[in-house]
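Undergrad: compute the structure for the input listed below.
(one chain, ligands or ions: 1)
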Amino acid sequence: MSSPTDPHAQVQELRRQLQSLLDAAKANERKLDRFDALERRLIAVGSMEELVNLLLVDCRADFGLDAAELWLLDPDGELQRALPALPMVRAPRLLDSHAALKELFGGVRTARLVGPGHDEALVAKAFGAGTLVRSAALLPLIRQGVLIGSLHFGACDPERYDAYSGTKFLDRLSAIAAIAIESMLNRERLRRAGMTDGLTGVHNRRYFDHRSLIEFSQAVRHRYPLACLFLDIDHFKAINDSHGHPTGDEVLRQVGGLIQRSLRTGDLAARYGGEEFVVLLPRTDLAGAREVAERIRQMVEEAPFVTPEGGTVSATLSAGLAMLPADATSFADLLNAADRALYEAKRAGRNRTVADDLVPAGS
Ligand SMILES: Nc1nc2c(ncn2[C@@H]2O[C@H](COP(=O)(O)OP(=O)(O)OP(=O)(O)O)[C@@H](O)[C@H]2O)c(=O)[nH]1
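TA: Sure, this is the predicted structure:
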């Protein structure tokens, strides 16, 4: 048996301590490498869905987590409108107010490590009632001093995250995730602004020119009917002249909204020029297209358009309707036919729908 002063035993003990320090250093280095790799990927992501998948799916696998959640503040419903179109394996939870974030973080603006005991209610809030998560890191996502969301990493192991562990890596990760999210949102906003008419909120001419070519080639290839409507507000100059330009703008904005709300998913509405809108209706026959045009025309005729001063004005519009001709060689053939029909509607007295009389495809 060796005595406490046995030099051999002391060396053994020192070796053991050294080995355990080396192991800890190696584990830390691996952790640092994982965080470093994640940060690099966060900075390089190219789309919102890639970013969400990285935070919710890849992080979970890379860090051996049992759960990961992302909450994003979305008071204007901007993300709610944008996200369904994105191919995401898991979607973030969208919050319409700060209330839920306040419950998690109160006034704290750094990572919060929560485990069994008095934090159980917080874990249930962060991962949902009945969760198997027993300890978690709740990371506030902050941009320019404002809480914009939170990222939650959870483990079934109650000791994975404890209140005494350091949060330096996690704080750094949440700061970088917040920057990546904000820059992705800005990029999305810019992308949409480039496709949308600023006054009416419907698509702009540039986007229409691009999409119409796709719709045209799809309709030709798959041999389905494609209808086109030109909608032009009647005597719009007179509305501007008698009520002022701001009222004219407001009428345009509301007509844009009425048109948009009258369409199905897959239909396309755009502001074509000043007071002229164009609508494309794929897989719609002449009767269906006439019904849509008439519905919009009647809604405009009946609508009291609210002016910026709080009064109301009325307006009407004329609609020209055409079906993609069976022998069409370009999309311009369809546009020209709808434009001709619109001219006829104006000539015949306005506030009406006129269909171009060429023999349409698929009718
Ligand atoms: N307020 C407002 N007016 C616009 C805008 N763009 C175009 N306009 C005006 O729309 C008017 C269009 O007038 P016209 O092309 O003569 O047509 P109209 O008065 O609607 O007559 P018809 O189409 O023949 O029924 C012009 O006075 C333009 O200045 C806009 O963004 N806002």
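Undergrad: point me to the residue of the stretch 101-250 of the chain nearest the ligand.
TA: residue 248 (2.7 Å; Cβ to the nearest ligand atom). Quick note: C-beta positions are derived from backbone N, CA and C, even for glycine.
Undergrad: any idea how far that residue lies from residue 49?
TA: Distance of residue 248 to residue 49, given as Cβ to Cβ, to the nearest Å: 40 Å.
Undergrad: which of these two has more neighbours?
TA: Per other Cβ atoms under 10 Å, whichever of residue 248 and residue 49 has more neighbours is residue 248, with 24 against 17.
Undergrad: can I take it that the more buried one is in a helix?
TA: Yes. When DSSP: H, G, I helix; E, B strand; the rest coil is applied, residue 248 is found to be in a helix.
Undergrad: quick one: it and residue 242 touch, right?
TA: No. Look at residue 248 against residue 242 with Cβ atoms under 8 Å: they stay out of range, at 9.7 Å.
Undergrad: can you pull out the low-pLDDT segments for the chain?
TA: 1-4, 84-88, 358-363 (pLDDT under 70).
Undergrad: around the ligand, pick out the residues from it.
TA: Contacts of the chain with the ligand, taken as Cβ under 6 Å from any ligand atom, map to 199, 232-238, 240, 245, 248-249, 252, 274-275, 346, 350.
Undergrad: how about 5 Å then?
TA: For the chain, the residues in contact with the ligand (Cβ under 5 Å from any ligand atom) are 234-237, 240, 245, 248-249, 274-275.
Undergrad: hmm, which of those are the buried ones?
TA: Neighbour-count burial within those applies to 234, 236, 240, 248, 275; the criterion is 16 or more other Cβ atoms under 10 Å.
Undergrad: show me those residues that map onto helices.
TA: Among these, the members found in helices (DSSP state H) are 236, 240, 248.
Undergrad: residue 99: which of those is nearest?
TA: Residue 99 has its nearest neighbour among these in residue 248, at 41.0 Å by Cβ to Cβ.
Undergrad: now the closest residue to the closest one other than its chain neighbours: how far from residue 251?
TA: Leaving aside its sequence neighbours, residue 248 sits nearest to residue 240 (Cβ to Cβ, 6 or more residues apart in numbering; 4.0 Å). Taking Cβ to Cβ as the measure, residue 240 falls 9 Å from residue 251.
Undergrad: so which elements touch the longest helix seen in the chain?
TA: When the chain is parsed with DSSP H, its longest helix is helix 7-44. For helix 7-44, the elements it packs on are helix 59-62, helix 168-193, judged by 3 or more Cβ pairs under 8 Å, 6 or more residues apart in numbering; DSSP states H and E.
Undergrad: give the other helices and strands that the helix or strand just after that helix contacts.
TA: Using DSSP states H and E, the helix or strand that follows helix 7-44 in sequence is helix 48-53. Contact partners of helix 48-53 among helices and strands, from 3+ Cβ pairs under 8 Å, 6+ apart: helix 168-193.
Undergrad: for the helix it packs on, which positions count as buried?
TA: 169-170, 173-178, 180-182, 184-185, 188.
Undergrad: do stretch 60-77 as well
TA: Residues 60, 63, 65-74 are the ones in stretch 60-77 that count as buried (16+ other Cβ under 10 Å).
Undergrad: which ones among those are found in strands?
TA: Residues of the buried residues of stretch 60-77 located in strands (DSSP state E): 67-73.
Undergrad: which residues sit against stretch 199-215?
TA: 194-197, 226, 249, 252-253, 255-257, 259-260, 268-273, 277-278, 280, 282, 331, 335 (Cβ atoms under 8 Å, 6 or more residues apart in numbering).
Undergrad: and residue 216, that's in a helix?
TA: Yes. Counting by three-state DSSP, residue 216 is part of a helix.
Undergrad: who's in contact with it?
TA: In this structure, residue 216 makes contact with 226, 324, 328, 330-331, 334, judged by Cβ under 8 Å, 6+ apart.
Undergrad: one more time with 7 Å, if that's ok
TA: Contacts for residue 216 (Cβ atoms under 7 Å, 6 or more residues apart in numbering) come out as 226, 331.
Undergrad: how about residue 351?
TA: With Cβ under 7 Å, 6+ apart, residue 351 has these contacts: 234, 297, 301, 316, 318.
Undergrad: is it located within a helix, as I assumed?
TA: No. Using three-state DSSP, the assignment for residue 351 is coil, not a helix.
Undergrad: gap between residue 304 and residue 333?
TA: 38 Å.
Undergrad: what does residue 63 give?
TA: For residue 63 relative to residue 333 (Cβ to Cβ), the value is 58 Å.
Undergrad: so residue 269, which of the three states?
TA: Residue 269 ends up strand, using three-state DSSP.
Undergrad: residues near it, how many?
TA: Going by other Cβ under 10 Å, the residues that sit close to residue 269 add up to 25.
Undergrad: I appreciate the help and will end here.
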